[in-house]
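S.K.: Need coordinates for the following:
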Amino acid sequence: MSRAPISPSGYDRVAIVTGADSGIGKASAVALAEEGFDVGITYHSDQAGAEETAKLVRELGRTAAVRRQDLTRPEEAASAVDELAEELGGLGVLVNNAGTGSSTPLLEMDFQEWRSVIAVDLDGAFTCAQRAARRMVASGRGGRIVNVTSVHEEHPRVGSGPYCAAKGGLRMLTRVLALELAPYGITVNNIAPGEIATPMTGQEDELPEPGSRPGYPIDRPGDAREVAAAVTFLAGPSSSYVTGASLFVDGGLGLMGPQAGGALKSGEWREG
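M.R.: Numbering: from 1, shown residues only. Here you go, the predicted structure:
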């Protein structure tokens with residue numbers, strides 16, 4: 001693929017956020033709308049949640065479009081990126097947020113469960129990024145790809161084998177994409193959240209409670225809007241010299257080791 005010139009007008013003010021029916025995806029879609037982006041929203045099963053996100057985007061004066069996306073079939077699911085880009089009239093930002101996990105020890109896990117998590121968390125991120133990047137390259141205006149990984153892109157966790165493998169793989173995929181896409185004015189970065197109060201962690205609509213996580217340096221879960229603020233930074237013009245990076249939004253959890261930090265029942269470790 002030949003190198004295209006980068007337009008001085010900047011990339012399209014259109015963002016697609018996968019898995020934007022709740023949690024980090026929903027908060028990111030709204031935050032991007034606040035920054036002046038029209039937003040494409042995908043969901044797997046919660047259509048009502050996706051439509052609620054779209055409503056919030058429209059209330060901010062931006063256009064929203066919604067598509068169902070089943071990332072267990074990643075090649076087919078990536079067509080949602082093209083459909084949303086066509087409907088919204090371009091594509092400047094992709095946020096690969098959709099994800100799933102498991103809690104089965106590896107020795108007890110069947111291959112289908114392994115493949116399902118890898119398909120959603122790694123294969124789907126690849127196929128969506130590929131579709132988005134092809135459009136950004138063709139436009140000649142550059143763009144941004146932001147992949148939502150986890151502290152487990154670096155730190156292992158018992159019972160989360162395919163999730164950790166997928167997030168670690170996505171970290172390296174991000175770095176290779178950053179190298180390959182830099183000539184086209186496209187940056188590719190990761191957001192690596194710690195424990196965030198979302199439906200995925202069983203904390204739907206709960207405000208993070210200070211003091212509730214004594215083993216974390218900042219002793220509470222994060223808020224989805226705190227992650228969304230990092231997403232909008234990496235999606236925006238101020239991050240133009242940042243690519244191939246992982247931005248940890250984890251309250252310092254990685255400093256402790258997430259597995260051990262989450263198991264501490266007191267803050268005595270702070271005393272040295």
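S.K.: which residue ranges form the helices in this protein?
M.R.: 23-34, 47-59, 74-77, 79-88, 111-118, 124-139, 161-181, 224-235, 253-256, 258-263 (DSSP state H).
S.K.: for the third one, packing partners?
M.R.: So that's helix 74-77. Packing partners of helix 74-77 (3 or more C-beta pairs under 8 Å, 6 or more residues apart in numbering; DSSP states H and E): helix 124-139. Where you see a C-beta, it was placed from the backbone N, CA and C, and this is true even at glycine.
S.K.: Residues contacting the helix it packs on, please?
M.R.: For helix 124-139, the external contacting residues (C-beta atoms under 8 Å, 6 or more residues apart in numbering) are 1, 4, 7, 11-12, 16, 18, 71, 74-75, 77-82, 85, 90-92, 94, 96, 98, 142-143, 145, 147, 170, 173, 177, 181, 184, 186, 188.
S.K.: How far away from the center of its chain is it?
M.R.: Computed by C-alpha atoms, centre = their mean, to the nearest Å, the chain-centroid distance of helix 124-139 equals 15 Å.
S.K.: between it and helix 79-88, how many degrees?
M.R.: Angle, helix 124-139 to helix 79-88, by axes from the mean of the first three to the mean of the last three C-alpha atoms, to 10 degrees: 40 degrees.
S.K.: re earlier: filter the contacts of helix 124-139 down to the buried ones.
M.R.: Using 16 or more other C-beta atoms under 10 Å as the burial test, those include 4, 11-12, 16, 18, 71, 74, 77-78, 80-82, 85, 90-92, 94, 96, 98, 142-143, 145, 147, 170, 173, 177, 181, 184, 186, 188 as buried.
S.K.: Could you verify my assumption that A192 touches L253?
M.R.: No: A192 lies out of contact with L253 (C-beta atoms under 8 Å); the separation is 10.0 Å.
S.K.: intersection of neighbour lists for these two?
M.R.: With C-beta under 8 Å, 6+ apart, A192 and L253 have common neighbours V151.
S.K.: between the helices of the chain, which one is nearest to L247?
M.R.: Closest approach to L247 among these (C-beta to C-beta): helix 224-235, 5.5 Å.
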